[in-house]
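Trainee: Pasting a predicted model and its sequence here:
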Amino acid sequence: MLKITKLTRKFGPNTAVDAVSFTVEKPMMIGIIGRSGAGKSTLLRMVNRLTDATEGKIEFEGRDVTALKGDAKRAWQSDCAMIFQQFNLVPRMDVVSNVLHGTLNRRSTLATMFNLYPQADICRAIEILDRLGIAEHAPKRAEALSGGQQQRVAIARALMQDPRIVLADEPIASLDPMNAQLVMDDLRRIHEEDGRTVIANLHTLDTARRYCDRVIGMLHGRIVFDGTPEQLTTGAARDIYGADAGFSETSTSTSIETLERAGVRAMRTAEAAI
Ligand SMILES: Nc1ncnc2c1ncn2[C@@H]1O[C@H](COP(=O)(O)OP(=O)(O)OP(=O)(O)O)[C@@H](O)[C@H]1O
């Protein structure tokens, strides 16, 4: 369904992404790992068409995504929603309006100017927030929510676009371990329950191993590993991080503790009461 061929992005003399090729045949959850500057963000931004490729091709179900312009490009950006490390919400706007922003690409300028949202969209936004366990925060300003809650609002905004692919650029890098787990659980559910492909840049090995069906490792803009979590041995990780024999996995660990599902549910219930 998604085919990336020799995708390259140069910034002046620096090649951020260097002839990257991979194919996603069926919906799955993919983690992209690698040290800082390996090219992970640039790769995701090219897939979403936020950044133009210098060379190479992106195809989705036979369609050349790299060639899309105007409305067709915006439609593609709805099909592959993006989630960012810093949530990118409008802080002073209420949660439900932030979620409704996910429909921006298919609304008229006039409707956007006057903040006119169809009733059906408002109901859907609340349903999505409810599914993510944060419906009770719908009227609050986004800035009043915790980081973990804000990232779940960002996920809700992405789901509002009904995307085929969800691209997440370091979605848990700013979160504490418990909230990181909630967000990763949500991304996994979005894949399993909705059949959406999730591609997430992750800065820690343990998260990639635990949540992903497939892990892609990048080093200096190139793919140096593409396999299952089981194939991601310490030796393979050492190659990805370009580390010497003293490489330690703990330096790439989030220490996400294994929280019992009941514990997570208890936290969600407590949050609902706030
Ligand atoms: N807009 C830009 N202009 C110039 N250079 C850039 C730009 N964006 C990225 N780069 C460079 O491209 C390389 C890859 O950056 P990128 O952000 O994709 O890496 P990354 O693996 O996502 O790293 P991090 O985890 O730190 O975000 C880096 O050398 C970076 O400095």
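Mentor: Nice, I can see it.
Trainee: nearest spatial neighbour of whichever residue of the stretch 51-200 of the chain sits closest to the ligand, skipping sequence neighbours?
Mentor: Going by CB to the nearest ligand atom, the ligand is nearest to E170 of the stretch 51-200 of the chain, at 6.4 Å. Backbone N, C-alpha and C define where each C-beta goes, glycine included. Spatially, and ignoring its direct neighbours in sequence, E170 is nearest to Q85 (4.1 Å; CB to CB, 6 or more residues apart in numbering).
Trainee: what residues are up against the one you found?
Mentor: By CB atoms under 8 Å, 6 or more residues apart in numbering, the contact set of Q85 is 169-171, 173-174.
Trainee: Give me the buried subset of those residues.
Mentor: Buried residues within the contacts of Q85, defined by neighbour count using 16 or more other CB atoms under 10 Å: 169-171, 174.
Trainee: got TSV for those, with distance to L202 too?
Mentor: Output for those, formatted as TSV (distance: CB to CB, whole Å):
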residue	distance to L202
D169	10
E170	7
P171	8
S174	13
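Trainee: Filter those residues down to the ones in strands?
Mentor: Using DSSP state E, the subset of the buried ones among the contacts of Q85 located in strands is D169.
Trainee: would you turn the buried ones among the contacts of Q85 into CSV with pLDDT?
Mentor: Conversion of these to CSV gives the following (pLDDT from 0 to 100):
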residue, pLDDT
D169, 97
E170, 96
P171, 96
S174, 92
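Trainee: so, if you compare the buried ones among the contacts of Q85, which one comes nearest to G221?
Mentor: G221 has its nearest neighbour among the buried ones among the contacts of Q85 in D169, at 16.2 Å by CB to CB.
Trainee: so where is this structure shaky, pLDDT-wise?
Mentor: Residue ranges of the chain with pLDDT under 70: 104-116, 243-274.
Trainee: all helices of it, in order?
Mentor: Using DSSP state H, the helices of the chain run over residues 40-47, 70-79, 95-100, 109-113, 119-131, 147-160, 177-194, 205-211, 234-241, 261-273.
Trainee: What residues are bridge-paired with the residue positioned nearest the centre of the chain?
Mentor: Residue closest to the average C-alpha location in the chain (CA atoms, centre = their mean): A168, at 1.3 Å. Counting by DSSP bridges, A168 is bridged to I83, A200.
Trainee: Could you measure from it over to L68?
Mentor: For A168, the distance to L68 (CB to CB, to the nearest Å) stands at 22 Å.
Trainee: Please apply the same query to E59.
Mentor: Counting by CB to CB, the gap from E59 to L68 is 11 Å.
Trainee: In CSV: the helices of the chain, plus mean neighbour count and distance to the ligand.
Mentor: Output for those, formatted as CSV (neighbours: other CB atoms under 10 Å; distance: least, CB to the nearest ligand atom, whole Å):
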stretch, mean neighbour count, distance to the ligand
helix 40-47, 24, 3
helix 70-79, 14, 18
helix 95-100, 24, 24
helix 109-113, 10, 28
helix 119-131, 16, 28
helix 147-160, 25, 17
helix 177-194, 19, 16
helix 205-211, 21, 13
helix 234-241, 16, 11
helix 261-273, 12, 27
